[in-house]
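K.L.:
Please work out how this folds:
(one chain, ligands or ions: 3)
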Amino acid sequence: MAKLLEKVNSPADLKKFRLRQLEKLTEELREVIVKTVAETGGHLAPNLGVIELTVALHYVFDSPKDKIVWDVGHQAYAHKLLTGRRDKFHTLRQYGGIAGFPKRSESPHDIVDVGHSSTSISAALGLVTAQDFLKQEGKVVVVIGDGSMTAGLAFEGLNNAGHLKKDLIVILNDNEMSISPNVGALSSFLSRKLTGPVARRLKRELESFVSHLPGGEHLVTAIRKSEDAIKCLLTPGMLFEALGFRYVGPIPGHNLETLIDTLRNVKNLEGPTLVHVLTKKGKGYRPAEEEPEKFHGLGPFDIKTGKPKTSKNKPPSYTSVFSKTMVRLGEMEPRLVAITAAMPSGTGLKAFSERFPERFFDVGIAEQHAVTFAAGLALGGMIPVCAIYSTFLQRAFDQIIHDVALTNLHVVFAIDRAGIVGEDGPTHQGQFDLTYLRLIPNMIVMAPKDENELQHMLYTAVKCQGPVAVRYPRGAGEGASLDWELKEIPIGKGEIFREGEDILLVAIGNMVYPALKAADLLAKEGLSATVINARFVKPLDEDLITEWALRTGRVVTIEENTLLGGFGSAVLELFQQKGLRFPVKRIGLPDKFIEHGAPALLREKYGLTPEKIAEEVKDWLLHQERPDIRVLTA
Ligand SMILES: Cc1ncc(C[n+]2csc(CCOP(=O)(O)OP(=O)(O)O)c2C)c(N)n1
Ligand SMILES: CC(=O)[C@@H](O)[C@H](O)COP(=O)(O)O
Ligand SMILES: [Mg+2]
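P.N.:
Ligands and ions are numbered 1, 2, ... in the order given. Predicted coordinates for the structure are as follows:
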């Protein structure tokens with residue numbers, strides 16, 4: 001029998017189905033999503049949890065006239081399948097294929113380009129407000145998870161929405177999980193720990209108490225009728241109603257009929273409404289239901305066993321070396337504390353949290369708070385390590401400047417996923433951190449060439465003073481052997497790797513080995529290159545770089561960061577300040593958002609492989625006569 005999904009080319013097709021067929025459709029969607037993600041990798045558990053909700057939304061609302069705004073956007077696979085992208089779905093997250101997140105250029109049904117959390121309510125409120133100005137029709141519906149609701153930005157949106165009283169529907173998709181179990185006071189409040197049995201017990205106790213009072217039987221009747229009021233006292237309704245929202249729920253998020261009825265009921269309500277929907281992360285695929293954290297986002301896996309298909313024998317990842325080093329540093333330094341913004345596993349801090357639970361803080365998806373909390377800890381005499389991905393630390397830019405650097409506080413920033421991250425695409429590439437950190441006074445910014453240098457840099461960062469950042473890439477290390485003894489690296493000192501006369505290649509972080517290999521390739525062409533591992537973007541090793549620039553006369557900088565204001569810019573500024581007019585070629589990421597795709601492919605495309613670097617250098621040298629040093633330095 002033909003699959004129902006094959007008949008759905010747009011949400012309008014859905015509306016012809018009966019409830020039974022819609023239910024069958026949810027099974028088909030599950031099957032396609034599991035099969036596809038098993039091949040491509042992706043965010044499986046979040047997507048499996050919202051299939052009924054997605055079908056119900058597209059059944060009740062008229063997308064794209066009605067706008068569905070997905071928070072984070074990591075749960076929009078069923079939405080993509082129902083909005084004309086079924087045939088391309090097998091290309092999910094692959095270079096040139098459909099994105100893992102909503103993307104306006106892909107479909108009119110994708111309302112915002114997104115990947116970072118907690119933006120949906122503010123964006124949707126802006127959309128409704130614009131509609132009102134322009135007298136346009138259409139409902140605006142947000143889907144936001146309980147994890148994403150922990151961010152300040154979400155509350156800023158709620159607060160303003162309650163004030164503006166716009167017709168906005170916010171669906172709170174509550175699965176009691178962020179990537180890891182959700183944390184914080186809000187999470188306990190949302191997770192109905194105060195409702196159900198507690199509400200019933202409270203009601204029983206009240207009934208028993210008032211039944212002994214004169215006229216108590218009337219009060220008992222009143223209490224019986226007031227269960228909703230008692231529940232309301234104890235449920236999130238209280239919180240959202242205080243913020244100006246009408247609260248509906250909690251409702252079971254895998255019951256299509258209830259979802260459709262509820263959405264129909266709220267569709268035409270006026271003012272802001274919050275619908276609290278309870279779902280299960282990973283719903284319908286046992287391994288994902290059992291281990292929602294592992295299946296939140298993962299690479300290709302075997303459907304039968306749920307085991308990853310990734311090739312073995314890869315060197316340990318930078319993250320795992322960070323993880324182990326943090327435990328060692330925690331043992332050495334009792335003042336060391338570690339902070340994550342809802343990414344204990346992704347950052348590798350889980351091991352630290354198990355070894356030193358009292359010195360570990362998961363603050364929820366709250367990067368800004370994480371940094372200012374770290375500032376407070378540093379003011380109080382602790383040594384905080386804020387482990388935050390490069391892309392998510394962007395959100396705390398002002399906190400780094402105003403709360404940490406201005407007072408020259410000793411806060412360590414462990415910045416994972418720096419540079420190209422790959423399949424998550426432009427919202428997640430760590431392409432800006434060297435730029436946004438090096439402009440901040442007092443900051444020390446370093447990047448290791450390999451995982452061994454990472455552990456020494458972390459040790460150095462804990463030993464030194466002031467704000468200090470160590471940025472390192474996603475994925476496997478270089479296979480370097482790890483020194484047992486941790487060493488302090490002198491601040492602002494690079495290292496020379498190879499000496500040559502024709503050109504200087506100065507590289508930073510994960511571009512050092514590609515530069516070295518490029519130098520080997522150039523040697524085969526008769527060009528001898530000096531290679532420097534800069535180690536520090538700030539402070540730069542001015543003496544080393546200048547000395548070798550003078551010896552070779554031509555300089556190439558190499559970084560996996562945007563070229564704008566990055567490492568190469570720092571070298572140019574150095575020469576400009578010293579009045580040295582060397583020809584300088586900068587290799588790095590261009591001034592654009594880097595698309596999704598496999599990291600190796602993207603590095604090839606953007607000229608960051610040894611072969612591409614060597615080619616680029618060779619071509620450039622064709623047009624660069626070796627300058628007369630006396631002229632350069634005049
Ligand atoms: C600003 C920001 N910080 C961190 C992340 C990483 N992240 C992606 S999804 C997620 C958990 C979201 O939880 P929730 O909103 O409850 O969605 P669920 O996965 O449970 O469906 C986190 C921490 C992010 N995308 N954006
Ligand atoms: C949706 C999101 O922001 C995270 O799930 C992110 O995709 C995790 O990235 P890593 O897989 O690199 O930890
Ligand atoms: Mg959740």
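K.L.:
Give me the mean pLDDT for stretch 441-456.
P.N.:
Summarised as a single mean, pLDDT over stretch 441-456 is 98.
K.L.:
Mind telling me which residue of the stretch 201-350 of the chain is nearest ligand 1?
P.N.:
Across the stretch 201-350 of the chain, no residue is closer to ligand 1 than residue 342, which sits at 3.8 Å (CB to the nearest ligand atom). Quick note: C-beta positions are derived from backbone N, CA and C, even for glycine.
K.L.:
A strand includes that residue, no?
P.N.:
No: the assignment for residue 342, made by DSSP: H, G, I helix; E, B strand; the rest coil, is coil rather than a strand.
K.L.:
That one: what's it in contact with?
P.N.:
The neighbours of residue 342, taking CB atoms under 8 Å, 6 or more residues apart in numbering as the test, are 147, 150, 178, 179, 180, 183, 362, 363, 364, 365, 366.
K.L.:
Give me the subset of these that also touch ligand 1.
P.N.:
Restricting the contacts of residue 342 to those near ligand 1 by CB under 6 Å from any ligand atom leaves 147, 178, 179, 365.
K.L.:
The third one - nearest residue in space that isn't next to it in sequence?
P.N.:
Which is residue 179. Closest residue in space to residue 179, ignoring its immediate chain neighbours: residue 296 at 4.7 Å, by CB to CB, 6 or more residues apart in numbering.
K.L.:
now do residue 566
P.N.:
Leaving out its chain neighbours, residue 566 is closest to residue 434 (CB to CB, 6+ apart), at 4.6 Å.
K.L.:
go on, residue 322?
P.N.:
That would be residue 348: by CB to CB, 6+ apart, it lies 4.9 Å from residue 322.
K.L.:
How many residues are close by the one you found?
P.N.:
Here the count is done by other CB atoms under 10 Å, and residue 348 has 25 residues near it.
K.L.:
separation between it and ligand 2?
P.N.:
In this structure, residue 348 and ligand 2 are separated by 10 Å, where distance is defined by CB to the nearest ligand atom, to the nearest Å.
K.L.:
Test my guess that that residue contacts residue 326.
P.N.:
Yes: applying CB atoms under 8 Å as the test, residue 348 and residue 326 come out as touching, 7.3 Å apart.
K.L.:
Between these two, which contacts overlap?
P.N.:
Once CB under 8 Å, 6+ apart is applied, the residues that residue 348 and residue 326 both contact turn out to be residue 387.
K.L.:
ok but the residue nearest to residue 179 is inside a helix, no?
P.N.:
No: under three-state DSSP, residue 296 sits outside any helix and is assigned coil.
K.L.:
Next one: it from ligand 3, what distance?
P.N.:
For residue 296, the distance to ligand 3 equals 9 Å [CB to the ion, to the nearest Å].
K.L.:
State the pLDDT value of that residue.
P.N.:
With respect to pLDDT, residue 296 has a value of 98.
K.L.:
Now for it: which residues touch it?
P.N.:
Residue 296 makes contacts with 43, 44, 45, 46, 177, 179, 281, as judged by CB under 8 Å, 6+ apart.
K.L.:
How about residue 22?
P.N.:
With CB under 8 Å, 6+ apart, residue 22 has these contacts: 14, 55, 59, 256, 260.
K.L.:
So which bits of this structure are right by ligand 3?
P.N.:
When proximity is defined as CB under 5 Å from the ion, the chain approaches ligand 3 at 145, 146, 147, 175, 177.
K.L.:
Adding secondary structure, pLDDT and distance to residue 469, write these out as JSON lines.
P.N.:
JSON lines is the format used below for those (DSSP: H, G, I helix; E, B strand; the rest coil; pLDDT from 0 to 100; distance: CB to CB, whole Å):
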{"residue": "145", "secondary structure": "strand", "pLDDT": "98", "distance to residue 469": "29"}
{"residue": "146", "secondary structure": "coil", "pLDDT": "95", "distance to residue 469": "31"}
{"residue": "147", "secondary structure": "coil", "pLDDT": "96", "distance to residue 469": "26"}
{"residue": "175", "secondary structure": "coil", "pLDDT": "96", "distance to residue 469": "33"}
{"residue": "177", "secondary structure": "strand", "pLDDT": "93", "distance to residue 469": "30"}
